[in-house]
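1. okay, structure incoming, though there's no sequence with it:
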């Protein structure tokens, strides 16, 4: 019994009832104009439903009053966009007609059932009402009290059942169309891609800075040389400053969704990475072939991050070892390769998040990347299309 009555304690039950009553305001105004044609409001809403903006308004009402606690976003229950197709417009017309019809039923039930209960209670005490045609057919008797649950059940159905019915119809008639679902899915996919890109940016930039700082600090402590310590501190300062700039830029993208990516470093800034790796103890031999400034922005930016992550992995896992870097801008392809002596204990392809990020960056640009042992070295080899 408690479970049966629980919906009466929900606020949504009464917002749905209010939603059913709203069309009756329009109908009541019309009845003041002409009571001989109570069906006219149902005719007038036909051209109204064909207006594209009406669908947006009905969707907003339904979202707020019928299902305020349900999920939104990519799984939105109700569309809040104007009608685009004629199919959506006629669905809106059908929805308006259903609102008027169920509104009449809801008003009749919620107004007359309580009065019916009162009249039955009075008839149970011996009073014969003169204005209720149903109760007038009953003899005043205490047994009339046994009929009181019937209008109460009808009232429950009007309050709870009609609310559930109008919500189900709204999901059917005001739900997103296939084109709206596709647009929402594409938007959600773009958001996920952007989140992944920002996560990779933070991983590569902050990870590189921390790795350089740890390596430089350890080397300075082991060397016990004031000159070397001075150079290490300068390298830590430069790398930390660059990481702070990257962090501020990424946070700016999060705060301003329309902020351009023009401030991100590109391969023309690769010398900064190479010098940072050299000051951290790695013996970097770099070879650059082709004009880096002609590489398209997205390719150049992702190439920079691939190089950064590759050098970070060298410093983190191999230490002060010889590193060969080759960047070649060819006919339609950017080739980037980083090789270093294979660290002990590594025999298979890398599976870390940084290496996975390298492969993801290359894949998003339509290219490919290989990471793992190759001819006795550890190799990162990426090929990115320029078009």
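-> Good, I have the coordinates. Fair warning: this is a prediction, and the values are worked out from it, not measured in the lab.

2. break the protein into its domains for me.
-> Following automatic domain parsing, one gets these domains for the chain: 2-176, 182-385.

3. least reliable of these by average pLDDT, please.
-> Among those, domain 182-385 has the lowest mean pLDDT, at a mean of 78.

4. and that one, how far out from the chain's middle?
-> Relative to its chain's centre, domain 182-385 lies at 29 Å (C-alpha atoms, centre = their mean, to the nearest Å).

5. three-state assignment of residue 248?
-> Recorded secondary structure, residue 248: helix (DSSP: H, G, I helix; E, B strand; the rest coil).

6. quick one on the thing from earlier: make a markdown table from the domains of the chain and add mean neighbour count to it.
-> Yep, even glycine has a C-beta here, placed from its N, CA and C like the rest. A markdown table is the format used below for these (neighbours: other C-beta atoms under 10 Å):
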| stretch | mean neighbour count |
| --- | --- |
| domain 2-176 | 16 |
| domain 182-385 | 17 |
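
7. could you say which helix or strand contains the closest residue to residue 166 other than its chain neighbours?
-> Counting by C-beta to C-beta, 6 or more residues apart in numbering, residue 102 is the residue found nearest to residue 166 once chain neighbours are left out, at 5.5 Å. Using DSSP states H and E, the element containing residue 102 is helix 86-124.

8. any idea how far residue 292 is from residue 304?
-> Separation of residue 292 from residue 304 (C-beta to C-beta, to the nearest Å): 10 Å.

9. quick one: common contacting residues for the two?
-> 266, 267, 270 (C-beta atoms under 8 Å, 6 or more residues apart in numbering).

10. what about the helices in the stretch 151-300 of the chain?
-> With DSSP state H, counting those that start in this stretch as the criterion, the stretch 151-300 of the chain has helices at 162-173, 178-223, 226-255, 270-279, 297-313.

11. for the stretch 1-150 of the chain, same thing?
-> Taking DSSP H, counting those that start in this stretch, the helices of the stretch 1-150 of the chain run over residues 2-5, 11-33, 40-49, 52-65, 86-124, 149-156.

12. which residue is the nearest non-sequential neighbour of residue 334?
-> residue 384 is the one closest to residue 334 (C-beta to C-beta, 6+ apart), at 4.5 Å.

13. what secondary structure does the one you found sit in?
-> Under three-state DSSP, the three-state class of residue 384 is strand.

14. that's a strand at residue 324, yeah?
-> Yes - assigned with three-state DSSP, residue 324 falls within a strand.
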